[in-house]
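**Student:** whatever this is, show me its structure:
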Amino acid sequence: MLWDIFCKVIDNHGDIGVGWRLSAELAARGDAVRLWVDDGAALAWMAPAGHERVEVVAWNDDTPPHEPGDVVVEAFGCDPPPAFVAALARKAARDGRQPPWINLEYLSAEPYVERNHGLPSPVLAGPGAGLVKQFFYPGFTEKTGGLLHERGLLQHQAAFDSTAWLAGHGIAPDAGERLVSLFCYEPPALPSLLRQLAQGPGRTRLLVTAGRARAAVESALPELSGSRLGIDFLPLMPQPEYDRLLWSCDLNFVRGEDSLVRALWAGRPFVWHIYPQDDGAHHAKLDAFLDWLRAPPGLRAFHHHWNGIPGTPPAALPDSLAGWAETAELARARALAGPELAAQLGRFVRRTR
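**Tutor:** Predicted coordinates:
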C-alpha cells in the first residue's frame, strides 16, 4: 500500500518525531509512504539516512497536487491541503469507494480514548464534503490503537552494549556514578533538581540533550564548585541514537509524546515532562498516565512537582531508584503485551477498505 501521512510541526520535535517513526515502521513492513511535512528541517539530524521506501514531501502552499495513495493519515488533526482533499474526493467517486482517511490523535491514557477510538467523523463542508474520516487513538489498552515500536526492538536491546556506546560518545562514567538523561522544556523544578544532584549523596552524571533542555540547564546552573554532579551536553541525535541514550541511563527525564513511549520501551526509571496546556488540561492527562503506570506515591509526587502542578509540595529524587525501576519494568511488560500501533493501523485499514 501507499500511505500519505500529513504532519505539521508546531513548536517542538514531537510531531515530526512520531510522523517519521510511523512512516519508517510502515516502510519496514513493506509499504511505501509519502510523508508530507511543512517543516522537515529536523529530519536532517533525526533521520539523516532516510528510508528508501519513504518519500518526504515539502508541504507548502506551492506544493503541486499528488494523486492520493491507498491510505490518508493526518497526524494530530492537521488538515491535508484542499487540492489533495479534492483529488481524494474524485478518486472516491471514480473508484466507488473512499480510501481510508484516518485522523491519528495524540496519545493519552484518559478514558475518552477507548470511547472515541475508531469512531467516524463525517466531512460536512469543503472539497471533501461527503467523505468520512475515522479517529485512531494511540493508547495503553487493548481497546485503543496501541503504542508504536519497531519489530526487532527486543533483539536490538538484548544485543546492546551500553559501555561501548557511551565510550563512542566520549562518556566514561566513574564507577558507581549514576547516569541521568535530561530532555525537557523549562520545568520550574529544574534548579532544585540540579541542587539535589550536586549535593549527592552519590555522584551523578547528567547527559543533557540539545536545544531547550540545554538552554534551561545553562540558565539554571547552581554553583557547582566541589559538587557531585557532572554535566555533559549532547549534540542533536538521530532517533536510534536517542533510544540508545535511554537504554544507557539509570534515570531518564523525557518530554512530550515520542520520547515518553521510547522511555517506556527502555524499561528504565523515567520522569515525564508533559506538554503544558494553558487551560491545565495536561494535569488530568498526566494523572491518567500515572494511574496506568501504577506509579508509587513518591514517583507520582515527583511528577507533580516536576510538572509544576499548582499546590504541589516540593519533591526530591529518592536515594534508591529500585522502586521506580520495578514500576518501569512492569509497565514495559504490560505495554509490550498490548497492541502495536503500526500493526493496528494496518489491520484497521484492511477492515475499512
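**Student:** hey, let's count contacts and neighbours off CA atoms from now on
**Tutor:** Noted.
**Student:** how many neighbours does residue 165 have?
**Tutor:** For residue 165, the neighbour count with other C-alpha atoms under 10 Å is 15.
**Student:** now do the same for it: its pLDDT.
**Tutor:** Note on residue 165: pLDDT of 97.
**Student:** so what's it up against?
**Tutor:** Residues in contact with residue 165 (C-alpha atoms under 8 Å, 6 or more residues apart in numbering) are residue 244.
**Student:** so which bits of the helix or strand containing it are buried?
**Tutor:** Using DSSP states H and E, residue 165 falls within helix 162-168. For helix 162-168, the neighbour count (16 or more other C-alpha atoms under 10 Å) marks 162, 166 as buried.
**Student:** my read: residue 132 touches residue 122, true?
**Tutor:** Yes - at 4.3 Å, residue 132 and residue 122 qualify as touching, with contact defined as C-alpha atoms under 8 Å.
**Student:** looking at the two, which is more packed in?
**Tutor:** residue 132 (17 against 13).
**Student:** show me where pLDDT drops low in the protein?
**Tutor:** 222-226 (pLDDT under 70).
**Student:** just the helices from it, written as ranges.
**Tutor:** 14-28, 43-46, 82-95, 112-116, 153-158, 162-168, 190-199, 212-220, 239-248, 258-266, 281-293, 297-306, 322-337, 341-352 (DSSP state H).
**Student:** out of those, which gets nearest to residue 54?
**Tutor:** In terms of C-alpha to C-alpha, the element of the helices of the chain nearest to residue 54 is helix 14-28, at 6.6 Å.
**Student:** still on that earlier bit, how about TSV for the helices of the chain, with distance to residue 64 added?
**Tutor:** TSV is the format used below for the helices of the chain (distance: least, C-alpha to C-alpha, whole Å):
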stretch	distance to residue 64
helix 14-28	21
helix 43-46	22
helix 82-95	9
helix 112-116	34
helix 153-158	37
helix 162-168	43
helix 190-199	46
helix 212-220	35
helix 239-248	30
helix 258-266	30
helix 281-293	38
helix 297-306	45
helix 322-337	41
helix 341-352	26
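**Student:** residues touching residue 70, list them.
**Tutor:** By C-alpha under 8 Å, 6+ apart, residue 70 lies in contact with 1-4, 99-100.
**Student:** please name the nearest non-neighbouring residue to it.
**Tutor:** residue 2 (5.2 Å; C-alpha to C-alpha, 6 or more residues apart in numbering).
**Student:** tell me how many other residues crowd that neighbour.
**Tutor:** 18.
**Student:** isn't it up against residue 32?
**Tutor:** Yes - here residue 2 reaches residue 32: they are 4.8 Å apart, a contact under C-alpha under 8 Å.
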